[in-house]
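Chemist: only the shape, not the letters, is given here:
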């Protein structure tokens, strides 16, 4: 299992139980109420020391609710601790006393599992789970969904859920085995010319630093003429592979999208290391989805570019319009000033240009 094949988030992988930060009283009562036989088991069993009863009650409820033992227990909400203490007739406490000896914890866990009718994850259980997982994988269930369903399967069958990495590796192993059959089927549906075209996409051309495959994975940059031209060239290179001769859907849509997203995690060199069935199946699903994405990107980039051009044109027009209005206002002011001078000119004085230019700037008036 490679790092790129892992599908769980780090939070889920290292914190398998997600405790709710907010919950109603009804939810607390539903999940953390001790049954009568639970109280009898905790209080009457002599092996359980009184100071560890709260710890035992927490683990008992956790296994029933999550299929796992809870660790660390002190992360539990004080409301839940108070509710459990009340049921156990214990004084209020904000912390939980945990046995220090591993042997004691293991012994307590053994009795808790026996009381709840749970069994630990074993080889026979794993074989049964593998058969169930294989059946689900053949139905097109993706790894992430399959992992969650596997947790539910184990919980319903009262089996203690193993560590997340163990279950994740098992799901990936089963999916890889089932998917290989599908990869082979897809491979044989591809023409020889299309396989050669895929090989070319994974190989950098002379003078190029990156293979076309790497360029096809890139997200669109800022919408510019050069970017639009580059994306049109990528789309043309994609269409020249002959992908139009391939059925749009080679597998279930969800699985095809899963292969597309998985392929984007690898570079061209890593893709070449896969078995040919897996390599070509992943690549053709990647190309089919990329064809749609490139068209979407081109339309979006064109819209962005035209919007940018329209905005720049509008700003330029408004700037020129403001400058023109400013010049017009100044010209009107000069004409009005000149008109006032002419109207106020004394009747007994001759109106000579030389006298007028003394009060009005000739150059401004002429312009």
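Modeler: Sure, I can see it. Please read all numbers here as calculations on a predicted model, not as lab measurements. Numbering: from 1, shown residues only.

Chemist: and the helix or strand where residue 197 lies, average pLDDT?
Modeler: Following DSSP states H and E, one finds residue 197 within helix 192-201. For helix 192-201, mean pLDDT rounds to 89.

Chemist: now do the buried residues in that helix.
Modeler: Using 16 or more other C-beta atoms under 10 Å as the burial criterion, the residues of helix 192-201 that qualify are 194, 195, 197, 198, 201. Heads up, the C-betas are built off the backbone N, CA and C, glycines and all.

Chemist: do stretch 25-34 as well
Modeler: Buried residues in stretch 25-34, counting neighbours by 16+ other C-beta under 10 Å, are found at 28, 32, 34.

Chemist: closest to residue 65 among those?
Modeler: Sorting the buried residues of stretch 25-34 by distance to residue 65 puts residue 32 at the head of the list, at 8.0 Å, by C-beta to C-beta.

Chemist: can you pull the pLDDT of that closest one?
Modeler: The predicted structure scores residue 32 at 93 on the pLDDT scale.

Chemist: let me have the buried residues of helix 192-201 in TSV, extended by distance to residue 185.
Modeler: Written out in TSV, the entries for these read as follows (distance: C-beta to C-beta, whole Å):
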residue	distance to residue 185
194	15
195	15
197	20
198	17
201	22
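
Chemist: tell me the helix or strand right after the biggest helix by length in the chain.
Modeler: When every helix of the chain is counted residue by residue (DSSP state H), the longest turns out to be helix 276-343. Counting by DSSP H and E, the next helix or strand C-terminal to helix 276-343 is helix 353-359.

Chemist: now that following helix: how far from the chain's centre is it?
Modeler: On the basis of C-alpha atoms, centre = their mean, to the nearest Å, helix 353-359 is displaced by 78 Å from the centre of the chain it belongs to.

Chemist: got the contact list for the helix or strand that that helix is followed by?
Modeler: For helix 353-359, the following helix or strand on the C-terminal side (DSSP H and E) is helix 362-366. When contacts are taken as C-beta atoms under 8 Å, 6 or more residues apart in numbering, the neighbours of helix 362-366 outside the stretch itself are 334, 335, 338.

Chemist: redo those residues as TSV? Include distance to residue 188 and pLDDT.
Modeler: Supplementary listing: the contacts of helix 362-366 in TSV, determined by distance: C-beta to C-beta, whole Å; pLDDT from 0 to 100:
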residue	distance to residue 188	pLDDT
334	86	82
335	87	86
338	92	82
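
Chemist: quick revisit: can you flag which of the buried residues of stretch 25-34 belong to helices?
Modeler: When these are checked against helices using DSSP H, the ones located there are 28, 32.

Chemist: tell me the one among the buried residues of stretch 25-34 nearest to residue 139.
Modeler: Distance from residue 139 was checked for each of the buried residues of stretch 25-34 by C-beta to C-beta. The minimum falls on residue 32, at 35.4 Å.

Chemist: surely the closest one and residue 85 touch.
Modeler: No - using C-beta atoms under 8 Å, residue 32 is not in contact with residue 85, being 11.2 Å away.

Chemist: mind putting the buried residues of stretch 25-34 into a markdown table with distance to residue 66?
Modeler: What follows is the buried residues of stretch 25-34, written out as a markdown table (distance: C-beta to C-beta, whole Å):
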| residue | distance to residue 66 |
| --- | --- |
| 28 | 15 |
| 32 | 12 |
| 34 | 16 |
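
Chemist: where does the prediction get shaky in the stretch 101-250 of the chain?
Modeler: Regions of the stretch 101-250 of the chain meeting the criterion pLDDT under 70 cover residues 206-207, 247-249.

Chemist: for it, what spans make up the helices?
Modeler: With DSSP state H, counting those that start in this stretch as the definition, the stretch 101-250 of the chain shows helices at residue ranges 102-116, 123-138, 143-156, 164-187, 192-201, 212-217, 225-239.

Chemist: save these as JSON lines, and put in distance to residue 14 too.
Modeler: JSON lines is the format used below for these (distance: least, C-beta to C-beta, whole Å):
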{"stretch": "helix 102-116", "distance to residue 14": "20"}
{"stretch": "helix 123-138", "distance to residue 14": "22"}
{"stretch": "helix 143-156", "distance to residue 14": "15"}
{"stretch": "helix 164-187", "distance to residue 14": "8"}
{"stretch": "helix 192-201", "distance to residue 14": "37"}
{"stretch": "helix 212-217", "distance to residue 14": "29"}
{"stretch": "helix 225-239", "distance to residue 14": "39"}
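
Chemist: any idea how many residues pack against residue 223?
Modeler: Burial of residue 223 is recorded as 20 neighbouring residues (other C-beta atoms under 10 Å).

Chemist: from residue 230, how far out is the closest residue to it other than its chain neighbours?
Modeler: Taking C-beta to C-beta, 6 or more residues apart in numbering as the measure, residue 223 lies nearest to residue 304, with 3.7 Å between them; neighbours along the chain are not counted. Noted for residue 304: a distance of 15 Å to residue 230, by C-beta to C-beta, to the nearest Å.
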